[in-house]
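Novice: with the input below, show me the fold.
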Amino acid sequence: MQSRIITAELKALLISIGSISVDPSLVPRAFGSTAGPGAGTGSVFFRAGARRVRLSINQASPLSIEKAGNDGTVAILRDGDVLVCGTLEPALAHCPEQAFITLCEKCIFNCKYCPVPKLQGDVKTDREVLKIVDAVAETGNLKAISLTSGVEESVEGEVERVLKLLPELRKYGVPIGVSVYPTEGCSQKFYEGGVSELKYNVETMDPEIFKKVCGDLSQAYILDKLEEAVEIFGKNRVFSNFIIGLGESDSCVRAGIEALAKRGVIPILRPINPHPLRLGDCFMERPGPERLLKLAKMEKEILVKYGLRPDLARSMCLSCGGCDLVPFVDL
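Specialist: Numbering: from 1, shown residues only. A predicted model of the protein is given here:
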């Protein structure tokens, strides 16, 4: 009998590969992902047991998905060998059980690993956003609304874009998560507007790498605003993406996790997803499964020390868990 459980070790392997080939007829309908470094790629969400994993669709991947039964069961194979059986989850708006929406698919900044400045996609109207939320709500499976955004003209403009939407979004009665570049006083405004959780991304905790890849932004400013957000929202409600694979050392990762956790911030260790549009712009190497497991276990130890629990997240990336090894959920 084939395994129907994604172990932590198997999930680390799948994430390290990061892609899968699949017959399009097997993929549940989705609006697609337009957020951050993964922008511009289709994906599937696979679940077996309590864990799920998100994999980008790439017909050249060493992994593949095949139908394994008449009950909707599919199998993930590697070089013809079945690794695990499970199901593909519908993701109407970026991920299962959420309306996870990128408001602005443009960005005036030029982080060297991110394709968004090159793609310069669409900017959704309020009406388009609400239409997406309605579509997910109609399935009866809307558990959270999560908003992220690039920067069309100014960071202040993106904060205002979110604040303008909040009165309409509160009516759905589910947690609201927001991930944008912070501005002065925005955390308090988000809290008063009904936001449940915040994510301000540090991208990397290595100061030298940050200067090279995110030179238009300020790491110190982001850290300051994260600390301020914890004062307003409390522990276990403020997160930050920490990209792994930009050349940082494991000791840097440990120190970075400690620095964030000490502030009450839960780091999300996000494997870099090198995009063809950014190849050569900076060092990018997707971490292997052994490193992913090592760093996730390291993070768990530090989070225990500071009383932080990513499994309590109600929105955004930690609630989904498809792209990362999440302490207290996956290991």
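Novice: for the helix or strand harbouring Ile222, packing partners?
Specialist: For Ile222, the host element (DSSP states H and E) is helix 219-233. Contacts defined by 3 or more CB pairs under 8 Å, 6 or more residues apart in numbering; DSSP states H and E place helix 219-233 against helix 186-192, strand 197-199, strand 238-244. (C-beta placed from N, C-alpha, C; glycine too.)
Novice: adding mean pLDDT, write those out as TSV.
Specialist: Listed next are the helices and strands packed on helix 219-233 as TSV, based on pLDDT from 0 to 100:
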stretch	mean pLDDT
helix 186-192	98
strand 197-199	98
strand 238-244	98
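Novice: can you give me the angle the helix holding Ile222 makes with strand 238-244?
Specialist: When axes from the mean of the first three to the mean of the last three CA atoms, to 10 degrees is applied, the directions of helix 219-233 and strand 238-244 differ by 150 degrees.
Novice: quick one: average pLDDT of helix 219-233?
Specialist: Helix 219-233 shows a mean pLDDT of 98.
Novice: show residues contacting that helix.
Specialist: Here helix 219-233 makes contact (CB atoms under 8 Å, 6 or more residues apart in numbering) with 181-182, 186-188, 191, 197-198, 200-202, 205, 207, 210, 237-238, 240, 259-260, 263-265.
Novice: which of the helices and strands packed on helix 219-233 sits closest to Glu128?
Specialist: For Glu128, the closest of these is helix 186-192, at 21.3 Å, according to CB to CB.
Novice: next secondary structure element downstream of the lengthiest strand in the chain?
Specialist: For the chain, the strand that runs over the most residues, judged by DSSP state E, is strand 81-89. Counting by DSSP H and E, the element after strand 81-89 in chain order, helix or strand, is strand 98-102.
Novice: roughly how far does the nearest residue to Arg51 once chain neighbours are set aside sit from Met284?
Specialist: Nearest residue to Arg51 in three dimensions, chain neighbours excluded: Ile6, at 4.1 Å (CB to CB, 6 or more residues apart in numbering). According to CB to CB, to the nearest Å, Ile6 and Met284 sit 26 Å apart.
Novice: neighbour-wise, which of the two wins?
Specialist: Ile6 (24 against 20; other CB atoms under 10 Å).
Novice: next one: phi and psi at the more buried one?
Specialist: Taking degrees, to the nearest 10, you get phi -90, psi 110 for the backbone angles of Ile6.
Novice: which of the three states applies to Lys305?
Specialist: Here Lys305 is recorded as helix under DSSP: H, G, I helix; E, B strand; the rest coil.
Novice: report how many residues lie close to it.
Specialist: The number of residues near Lys305, taken as other CB under 10 Å, comes to 11.
Novice: what's the neighbour count on the nearest residue to it once chain neighbours are set aside?
Specialist: Using CB to CB, 6+ apart and skipping residues adjacent in sequence, the residue nearest Lys305 is Ala261, 7.2 Å away. Ala261: 20 surrounding residues under other CB under 10 Å.
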